[in-house]
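A.B. asks: Below is the structure, and that's it, no one-letter string:
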């Protein structure tokens, strides 16, 4: 964690119903570094039974969640509000995918604005009046035949794209080679061992030897071996060619 | 649906346990246009009770799912296999995020290769031996403090990135204006109406009129109005300035 963590958007769930959706929302937020959750009139009250179990390690998000009676109350302190919706609303707002939306959000956050993103009810989403409280609309590039994203899945995509837009999307590990690339000298020595071993057992028809050797070298080149890889394969070759005790 | 739908990767869940994770996986796949699901030795047998309920409209994915005894059997007909993992495995494979991985996958699919993506068990992921059957590794740019993605959430991110990499990520609707941008003539007429109405009620101190008028015009310009917007605001202005009946 740096001394100055970047500002982050607020996630606002409007009348969420299912405990597991709220828990999975908290987990998805934590996966990508978001933490501020607001709940507008959660159905069945708050806290909900079973919500902590589905949040996995993200109980800090649930513990910090605030409860609001209306969307207007939940967004009062914000400067910019986005509404997520799968349906066109006949409102002439800017419509963005989560990638473009989060790029714009990161810019606003950097300029000191507080930004919130509204997510609607599981079955019916946000009302048109609730959408009309937002500056712009976020929608997802779904297959039109199966457009219904789960609530926590929508939050996940927004959180993922926020992390990318904020420049924080480093992978937790990389495929860095733990051995340097093989020198040409090591590779040529491997070629020589292999070709010598095959010569010794009469593998190459003399008239085809040139082409077959080049094919084998191509195969080995394609592996882009490290020093360690060459050592491993030379060991394998030795094991296969050494006279075995029972063949004395 | 075009006559030639693009080839798509296969999603392979290894020993999934929870019905809701399999159902949500099917739903996430359908959301972004994937349909081929393979299950390796699902715990508790197959079909699972409750799985269809969580799949929402994606029961066709479940109905088409095939069951396999081992990872080796599930990937036998494929040409390229990716393994998803949150942990480094000490295997010198290429490691990619879901975005780069799906770009590479789309290229292989276009070249006629069949590609599969392995997802491990809910608690312990893939074994090192299972990872060793893959060509490369996919991992997610999570917050290192909360790295544990839910199974269906991981599938969702892969499906979302596949759809983007395949060039299919059109938004289901856009914010196209249903009225053309206002002509300058319409805008100037609105300025004139507003300024005239304010002159009539003595709103402007004479020495400040110039600056105040420019500020108001700035505010109105910033709205980037359509023809319809200008008509709406002129109607609002007329309603506010017309002599009301009770004021005779």
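C.D. replies: Looks like it arrived, so ask away. Since the model is a prediction, treat every value here as computed from it, not as a measurement.
A.B. asks: Okay, residue A:63 and residue A:51: tell me how far apart.
C.D. replies: Distance of residue A:63 to residue A:51, given as CB to CB, to the nearest Å: 11 Å. In short, each C-beta sits where N, CA and C put it, glycine included.
A.B. asks: try residue A:168
C.D. replies: From residue A:168 to residue A:51 the distance is 27 Å (CB to CB).
A.B. asks: and what of residue A:205?
C.D. replies: Distance, residue A:205 to residue A:51, by CB to CB: 72 Å.
A.B. asks: Residue A:168 and residue A:51: which has the busier surroundings?
C.D. replies: Between residue A:168 and residue A:51, counted using other CB atoms under 10 Å in any protein chain shown, residue A:51 has the larger neighbour count: 23 against 17.
A.B. asks: Isn't that one up against residue A:19?
C.D. replies: Yes: the pair residue A:51 / residue A:19 is scored as a contact, 4.2 Å apart, by CB atoms under 8 Å.
A.B. asks: For the helix ranked longest in chain A, which outside residues touch it?
C.D. replies: Ordering each helix of chain A by length in residues (DSSP state H) puts helix A:184-200 first. Defining contact as CB atoms under 8 Å, 6 or more residues apart in numbering or on different chains, one finds that helix A:184-200 is touched by A:204, A:213, A:216-217, A:220-221, A:225, A:227, A:230, A:233-234, A:237-238, A:240-241.
A.B. asks: By neighbour count, which of those residues wins?
C.D. replies: If you count neighbours using other CB under 10 Å, the busiest of those is residue A:230, which has 22 neighbours.
A.B. asks: The helix or strand containing that one - what's its average pLDDT?
C.D. replies: Assigning secondary structure by DSSP states H and E places residue A:230 in helix A:227-241. For helix A:227-241, mean pLDDT is 92.
A.B. asks: all strands of chain A, in order?
C.D. replies: For chain A, the strands defined by DSSP state E cover A:10-14, A:37-40, A:66-68, A:80-84, A:94-96, A:115-119, A:136-138.
A.B. asks: where does the most centrally placed residue in chain A land on pLDDT?
C.D. replies: Nearest to the mean C-alpha position of chain A, by CA atoms, centre = their mean, lies residue A:160 at 6.3 Å. Here, the pLDDT recorded for residue A:160 equals 98.
A.B. asks: do you know how far it is from residue A:166?
C.D. replies: From residue A:160 across to residue A:166, the span is 11 Å (CB to CB).
A.B. asks: Tell me where chain A has helices.
C.D. replies: Going by DSSP H, chain A shows helices at A:19-31, A:51-54, A:59-63, A:71-75, A:98-110, A:128-131, A:151-165, A:184-200, A:209-222, A:227-241.
A.B. asks: got CSV for these, with distance to residue B:133 too?
C.D. replies: Formatted as CSV, those follow (distance: least, CB to CB, whole Å):
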stretch, distance to residue B:133
helix A:19-31, 27
helix A:51-54, 32
helix A:59-63, 36
helix A:71-75, 48
helix A:98-110, 33
helix A:128-131, 47
helix A:151-165, 27
helix A:184-200, 25
helix A:209-222, 19
helix A:227-241, 18
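A.B. asks: right, and the ones you listed - which one's nearest residue B:46?
C.D. replies: Closest of the helices of chain A to residue B:46 is helix A:19-31, at 22.4 Å (criterion: CB to CB).
A.B. asks: What mean pLDDT does the closest one get?
C.D. replies: pLDDT averaged over helix A:19-31 gives 97.
A.B. asks: angle of that helix against strand A:115-119?
C.D. replies: Per axes from the mean of the first three to the mean of the last three CA atoms, to 10 degrees, the angle that helix A:19-31 makes with strand A:115-119 is 150 degrees.
A.B. asks: Give me the residues contacting stretch A:168-177.
C.D. replies: If you take CB under 8 Å, 6+ apart as the criterion, stretch A:168-177 is touched by A:6, A:33, A:163, A:226, B:86-88, B:92-97, B:136-137, B:139-144, B:147.
A.B. asks: before we move on, back to that, relative to residue B:112, which of the helices of chain A is closest?
C.D. replies: helix A:209-222 (19.1 Å).
A.B. asks: Please report the distance of residue A:235 from chain B.
C.D. replies: Separation of residue A:235 from chain B (CB to the nearest CB, to the nearest Å): 17 Å.
A.B. asks: same check, this time on residue A:189
C.D. replies: 21 Å.
A.B. asks: and that residue, how many neighbours?
C.D. replies: Neighbours around residue A:189, by other CB under 10 Å: 14.
A.B. asks: Mind splitting chain A into its structural domains?
C.D. replies: Following automatic domain parsing, chain A resolves into domains at A:10-165, A:184-247.
A.B. asks: Out of the ones you listed, which gets the lowest mean score?
C.D. replies: The bottom spot among those, by mean pLDDT, belongs to domain A:184-247, with a mean of 90.
A.B. asks: And that one, how far out from the chain middle?
C.D. replies: 41 Å (CA atoms, centre = their mean, to the nearest Å).
A.B. asks: Can you give me the buried ones in stretch A:125-144?
C.D. replies: For stretch A:125-144, the neighbour count (16 or more other CB atoms under 10 Å in any protein chain shown) marks A:125-126, A:130-131, A:133-134, A:136-143 as buried.
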